[in-house]
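1. with the input below, show me the fold.
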Amino acid sequence: MEYRLRCMRCRKSYRASYKRQTCASCGGILEVEYLGDADGNGIAHAKNFWDFGPMLPKGAYKHFEVGLTRLIKSHENSSLFFKLEFENPTKSFKDRGSAIEVAKAKEYGYSKIVCASTGNMAYSIAYYAKLYSIEAAVFISRSANRDKLIDIRSTHDAELHMINGDFTKAQADAEEYAKRNNAFLGGDYCYRKEGQATIAYELFAQRPSLKNIIVPVGNATLFSALYKAYAMLKKARVAKALPRLIGVEASACSPILDAMKRNSEIKYTRPRTLADAIAVGMPTYGSQAIEAAKSTGGMFVAVGDDEMAVQQDRFYKEYGIKIELAAAAGIAAYGKLSNAIKREETAIILTGANI
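-> Okay, here's the model as predicted:
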């Protein structure tokens with residue numbers, strides 16, 4: 001779809017040909033604004049990820065296999081469903097955004113893309129960068145999952161920068177690297193958000209009667225993407241209502257929930273959780289996530305590492321599938337919800353399975 005870009009901080013707009021994901025004037029993050037109403041009538045008949053093209057930014061994409069992951073019913077509750085995002089090529093939902101974002105880097109003539117990551121996004125960007133024949137540089141904490149680090153460096157040839165700090169420090173270093181080396185700054189920015197929005201289109205096609213969607217939250221890109229996508233479907237009169245969006249953070253790293261409790265701006269929280277995929281102390285899309293939760297009648301919930309570990313083990317024993325700790329956060333949160341919500345159709349997004 002034709003689009004323009006708009007800064008969320010100073011509101012300056014840019015043409016789609018603008019080659020960055022941050023504002024040249026104030027450094028704020030950009031948002032994709034579509035020119036015209038979305039046509040979501042073909043969603044129910046999508047046979048592959050790229051059939052959502054009319055709902056995505058116009059671009060020169062290679063049609064790699066990604067998305068269209070299964071939505072399975074819980075063995076214990078007929079109103080509960082699991083969205084299996086670990087069925088993507090690098091075993092996480094990050095591939096949806098990378099398929100769009102890395103393509104844009106290539107389209108704009110960049111020979112290198114750089115990102116900050118807690119693990120899964122670096123793995124995904126390195127994977128797609130190799131497919132698009134461009135170099136990848138990754139900034140990641142020294143405390144990141146060792147198996148992920150090995151794959152990122154050895155399998156996908158990424159330039160790995162280990163930092164003494166968390167995701168927030170890695171993000172600042174990646175931004176500086178992009179400026180110094182004329183690299184495309186990738187990560188949790190506007191094009192990734194649009195790719196991740198396709199989860200909403202699939203969920204609507206698979207279960208249009210869903211009342212609740214539970215999402216593990218780190219940088220809140222997926223959470224805000226779901227809200228934007230469902231709002232587009234409602235505006236196009238494809239969806240009648242927006243599902244309640246329920247975000248899940250780790251008890252030891254819950255900056256969004258803490259801000260909502262205080263009714264104040266989000267403040268940095270030092271991550272102290274083993275659930276690395278949601279260990280983000282200052283979420284890029286945190287403010288949008290709060291708006292999304294409030295606008296849909298949703299909420300944020302915090303769960304402990306021990307609670308995630310219990311549900312991770314239970315899911316493995318019941319379904320024979322090992323999911324990562326952060327993916328189990330949604331299952332742990334479900335147990336804390338009211339009985340009224342549990343009687344409604346609910347989908348939990350199992351975001352990844354990189355153990």
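2. and the pLDDT for Asn354?
-> At Asn354, the pLDDT value in this model is 87.
3. count of neighbours near it?
-> A total of 24 residues lie near Asn354 under the criterion other Cβ atoms under 10 Å. The C-beta positions use only the backbone N, C-alpha and C, and glycine is treated the same way.
4. likewise for Arg314?
-> Neighbour count of Arg314, defined by other Cβ under 10 Å: 14.
5. what does Arg20 give?
-> Neighbour number of Arg20 under other Cβ under 10 Å is 15.
6. leaving out chain neighbours, which residue sits closest to it?
-> Leu185 (6.8 Å; Cβ to Cβ, 6 or more residues apart in numbering).
7. what residue is smack in the middle of this structure?
-> Note on the chain: the residue nearest the mean C-alpha position is Leu222, at 3.4 Å, using Cα atoms, centre = their mean.
8. residue contacts, that residue?
-> By Cβ atoms under 8 Å, 6 or more residues apart in numbering, the contact set of Leu222 is 93, 196, 199, 215, 349, 351.
9. kindly report the same for Leu160.
-> 137-138, 140, 149, 152-153.
10. which residue ranges form the strands in the stretch 101-250 of the chain?
-> Taking DSSP state E, counting those that start in this stretch, the strands of the stretch 101-250 of the chain run over residues 112-117, 135-141, 159-163, 184-185, 212-216, 244-250.
11. what about the first one, distance to the chain center?
-> I take that to be strand 112-117. Relative to its chain's centre, strand 112-117 lies at 15 Å (Cα atoms, centre = their mean, to the nearest Å).
12. give me the angle between that strand and strand 159-163.
-> 30 degrees (axes from the mean of the first three to the mean of the last three Cα atoms, to 10 degrees).
13. what average pLDDT does strand 112-117 get?
-> Rounded mean pLDDT across strand 112-117 is 97.
14. partner strands of that strand, with direction?
-> strand 135-141 (parallel), strand 184-185 (parallel) (DSSP bridges).
15. any idea which of the ones you listed gets closest to Glu318?
-> Between Glu318 and the strands paired with strand 112-117, the shortest separation by Cβ to Cβ is 32.2 Å, and it involves strand 135-141.
16. need the contact partners of that closest one.
-> Here strand 135-141 has contacts from 111-119, 122, 125-126, 129-130, 149, 152, 156-167, 169-171, 173-174, 177, 181, 183, using Cβ under 8 Å, 6+ apart.
17. can you flag the buried ones in the residues you listed?
-> Neighbour counting by 16 or more other Cβ atoms under 10 Å classes 112-119, 122, 125-126, 129-130, 149, 152, 156, 158-160, 163, 165-167, 170-171, 173-174, 177, 183 among the contacts of strand 135-141 as buried.
18. what about Lys94, neighbour count?
-> Around Lys94 there are 34 residues (other Cβ under 10 Å).
19. my read: it touches Ala126, true?
-> No: counting by Cβ atoms under 8 Å, Lys94 does not reach Ala126; the two are 10.8 Å apart.
20. just name the shakiest helix or strand of this structure by mean pLDDT.
-> Using mean pLDDT, DSSP states H and E, helix 146-150 stands out as the lowest-scoring helix or strand of the chain, at a mean of 79.
21. for that one, list every residue counted as buried.
-> Within helix 146-150, the residues that count as buried by 16+ other Cβ under 10 Å are 148-149.
22. from the contact counts, what lies against it?
-> Here helix 146-150 touches helix 120-131, going by 3 or more Cβ pairs under 8 Å, 6 or more residues apart in numbering; DSSP states H and E.
23. send me the helix it packs on as PDB with only the CA atoms.
-> Extracted C-alpha coordinates of helix 120-131, given in PDB (Å, rounded to 0.1, in the frame of the first residue of the first chain):
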ATOM      1  CA  ASN A 120      15.900 -13.300  18.700                       C
ATOM      2  CA  MET A 121      15.800 -10.100  16.600                       C
ATOM      3  CA  ALA A 122      19.600 -10.300  16.000                       C
ATOM      4  CA  TYR A 123      19.200 -13.900  14.900                       C
ATOM      5  CA  SER A 124      16.300 -13.000  12.600                       C
ATOM      6  CA  ILE A 125      18.000  -9.900  11.000                       C
ATOM      7  CA  ALA A 126      21.200 -11.800  10.400                       C
ATOM      8  CA  TYR A 127      19.200 -14.600   8.700                       C
ATOM      9  CA  TYR A 128      17.400 -12.200   6.300                       C
ATOM     10  CA  ALA A 129      20.400 -10.000   5.700                       C
ATOM     11  CA  LYS A 130      22.200 -13.100   4.400                       C
ATOM     12  CA  LEU A 131      19.200 -13.900   2.100                       C
END
